[in-house]
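**Student:** starting from these lines, generate the structure:
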Amino acid sequence: MKLYILVFVLLISVFLFFLIFSQCAMGNNKDSQTDNRKLYYWEPTASSPKKNPVEREDVSYFFENGSSLSVFGSNIMGSGMGWSKCDADYGPDWKVELPTAVGAKWISFAERKAYVVYEDLPVDQLKTLFENGYESFDSDGNPERGEYKELCLCLLPGGEVVLFVCGDRRTILLDWSAQGEWTQNFDLFDHEGSKSKTLEEYIENDIKRNPFLNVPQVVTPELLHKYFERFNYKIKVRFEDDKSVLRWFNYEYSNSEVSIAYFRDEDSSIKYPSRMKYFRTIWRVNDYQYIAYFYFNEEEVIRVFDEAYGDDRKQSGVLDIFVSKYNNLFEISLTVNGKKYLFEKTEIRVFRDPLSDLSGESELVYKNYEGENKNVFIGE
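**Tutor:** Down below sits the predicted model:
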């Protein structure tokens, strides 16, 4: 009798096991059929201009099902437009679907104002970027695919927000923006233990505790409009010595887009870029390697591009950087519609190293300014 009971229990156990297993299998199969959303590696970040520090109360990227991924780290930001750091360690195997919306609430100390925003994101554009990546080359000149790894919501004066998509060697600014609303709702920003009774008092108390937040409003929406304007121009680096070989470059534009690459044809840089802000390049000739830094003057860059293009930003232009055969004289110009405009206030310094010892101390061979470079875009 005991044997029959034991056999019965075993049969019931086996039946229940297969029943549960089959239900789990069906559930997994159902999930695989209904969840066709592709997953990507990307990190959530946020930024603001250096001279427009903000307190980030919250920045969250929302998914189609209503869940969200929030930005971690210090809530005081001001490292520069598009320049951010993810303080969460997601690990190399992290993957998640792309967000469909973004929401934020923050305080602009220069304005003494608080803003909130919630807006849908350009999902199709994000999918295209993360699917295709960007063209790049390795240090040996071999083509390789660059991957975008970060979404960076930039919080701007006046409550506007823009979105950067960042990779190791490329940062681009999406053709998308949203307008936040000014708010006086203290409950959105009040922290536990705060003695403030109004949002204005809360902001002033923040500034008293952190005097570096007491900044004048020098970054204006009007200035940023100039930064964000795009033009139809290509960048050319030319050498008087035809033995020179361009090996590496780093372009940074006024809208904080960045293009970094080895050996790439400079024509393949970001299309319709904004005004040039900073340029760094490496070339080799004879027995030396040269590295040059070009810091463009904000006032001059705005003026020259406005004069050269007038009301027609679609005219074809060339930004030309000409290097003399002695590698210590330079002519920088913008040519549009056959007319050439010179840049005369660009700060330049050049170092060189013998190819036989690239890890040694570099020799300064040219510098056209005293002390530290002063050509800084105030709204960057």
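
**Student:** pLDDT below threshold where in this protein?
**Tutor:** For the chain, the stretches with pLDDT under 70 are 1-36, 263-269.

**Student:** spatially central residue in it, please.
**Tutor:** residue 82 (3.6 Å; C-alpha atoms, centre = their mean).

**Student:** ok, now which ones touch that residue?
**Tutor:** 47, 152, 154, 164, 166, 171, 173, 256, 257, 258 (C-beta atoms under 8 Å, 6 or more residues apart in numbering). C-beta: built from backbone N, CA, C; applies to glycine.

**Student:** same thing with residue 367?
**Tutor:** Contact partners of residue 367, counting by C-beta under 8 Å, 6+ apart, are 348, 349, 350.

**Student:** ramachandran angles for it?
**Tutor:** Phi and psi for residue 367, reported as degrees, to the nearest 10, are phi -160, psi 130.

**Student:** ok, the nearest residue to residue 186 once chain neighbours are set aside - contacts?
**Tutor:** Nearest residue to residue 186 in three dimensions, chain neighbours excluded: residue 199, at 4.6 Å (C-beta to C-beta, 6 or more residues apart in numbering). Residues counted as contacts of residue 199 (C-beta under 8 Å, 6+ apart) are 114, 183, 184, 185, 186, 189.

**Student:** who wins on neighbours among those?
**Tutor:** Within the contacts of residue 199, residue 114 tops the neighbour count with 26 neighbours, counted by other C-beta atoms under 10 Å.

**Student:** element containing it, please.
**Tutor:** strand 113-120 (DSSP states H and E).

**Student:** mind jotting down where the helices sit in this structure?
**Tutor:** In the chain, the segments counted as helices under DSSP state H are 2-34, 123-132, 199-209, 221-228, 298-309.

**Student:** other SSEs contacting the strand holding residue 114?
**Tutor:** Contacts defined by 3 or more C-beta pairs under 8 Å, 6 or more residues apart in numbering; DSSP states H and E place strand 113-120 against strand 101-108, strand 170-179, strand 181-183.

**Student:** off-centre distance for it?
**Tutor:** Offset of strand 113-120 from its chain centre (C-alpha atoms, centre = their mean, to the nearest Å): 20 Å.

**Student:** parallel or antiparallel, list what pairs with it.
**Tutor:** strand 101-108 (antiparallel), strand 181-183 (antiparallel) (DSSP bridges).

**Student:** which ones are touching the nearest residue to residue 49 once chain neighbours are set aside?
**Tutor:** Using C-beta to C-beta, 6+ apart and skipping the chain neighbours, the partner closest in space to residue 49 is residue 219 (4.8 Å). Residues near residue 219 by C-beta under 8 Å, 6+ apart: 49, 51, 52, 110, 156, 157, 378, 379.

**Student:** please list the members of the residues you listed that lie in strands.
**Tutor:** With DSSP state E as the criterion, strands contain none of these.

**Student:** now the two most distant members of those residues.
**Tutor:** Using C-beta to C-beta, the contacts of residue 219 span at most 13.8 Å, a distance reached by 156 and 378.

**Student:** quick check on those two: which one has the bigger neighbour count.
**Tutor:** Neighbours around residue 156 and residue 378, counted as other C-beta under 10 Å, are more numerous at residue 156. The numbers are 25 against 13.

**Student:** one step back: adding distance to residue 235, write the contacts of residue 199 out as CSV.
**Tutor:** Formatted as CSV, the contacts of residue 199 follow (distance: C-beta to C-beta, whole Å):
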residue, distance to residue 235
114, 40
183, 42
184, 46
185, 47
186, 49
189, 44
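
**Student:** closest one to residue 195 out of the residues you listed, please.
**Tutor:** Residue 195 has its nearest neighbour among those in residue 186, at 12.4 Å by C-beta to C-beta.

**Student:** that closest one and residue 132, how far apart?
**Tutor:** Applying C-beta to C-beta, to the nearest Å, the value for residue 186 to residue 132 is 45 Å.

**Student:** how much space between residue 159 and residue 111?
**Tutor:** 9 Å.

**Student:** neighbour count winner among those two?
**Tutor:** When neighbours are counted by other C-beta under 10 Å, residue 159 and residue 111 differ, and residue 159 comes out ahead with 22 against 19.

**Student:** got the contact list for the closest residue to that one other than its chain neighbours?
**Tutor:** Closest residue to residue 159 apart from its sequence neighbours, by C-beta to C-beta, 6+ apart: residue 180 at 3.6 Å. Residue 180 sits next to 104, 115, 116, 117, 159, 160, 161 when contact means C-beta under 8 Å, 6+ apart.

**Student:** looking at those residues, which is nearest residue 136?
**Tutor:** Nearest to residue 136 among the contacts of residue 180, counting by C-beta to C-beta, is residue 161 at 28.2 Å.

**Student:** how many other residues sit next to that closest one?
**Tutor:** Counted with other C-beta under 10 Å, the neighbours of residue 161 add up to 22.

**Student:** with residue 228 instead?
**Tutor:** By the criterion of other C-beta under 10 Å, residue 228 has 19 neighbours.

**Student:** start the count at 43, not 1, going forward
**Tutor:** Noted, 43 is the first residue going forward, which turns the last one into residue 270.

**Student:** for it, what are its contacts?
**Tutor:** Residue 270 makes contact with 204, 215, 296, 297, 316, according to C-beta under 8 Å, 6+ apart.

**Student:** where do the strands sit along the stretch 243-392 of the chain?
**Tutor:** Taking DSSP state E, counting those that start in this stretch, the strands of the stretch 243-392 of the chain run over residues 275-281, 287-295, 300-304, 318-327, 330-337, 359-365, 372-378, 381-384, 389-396.

**Student:** hmm, back to that, quick one: closest of the strands paired with strand 155-162 to residue 366.
**Tutor:** Nearest to residue 366, of all those, is strand 143-150, at 46.0 Å by C-beta to C-beta.

**Student:** I'm done for today, thanks for sticking with me.
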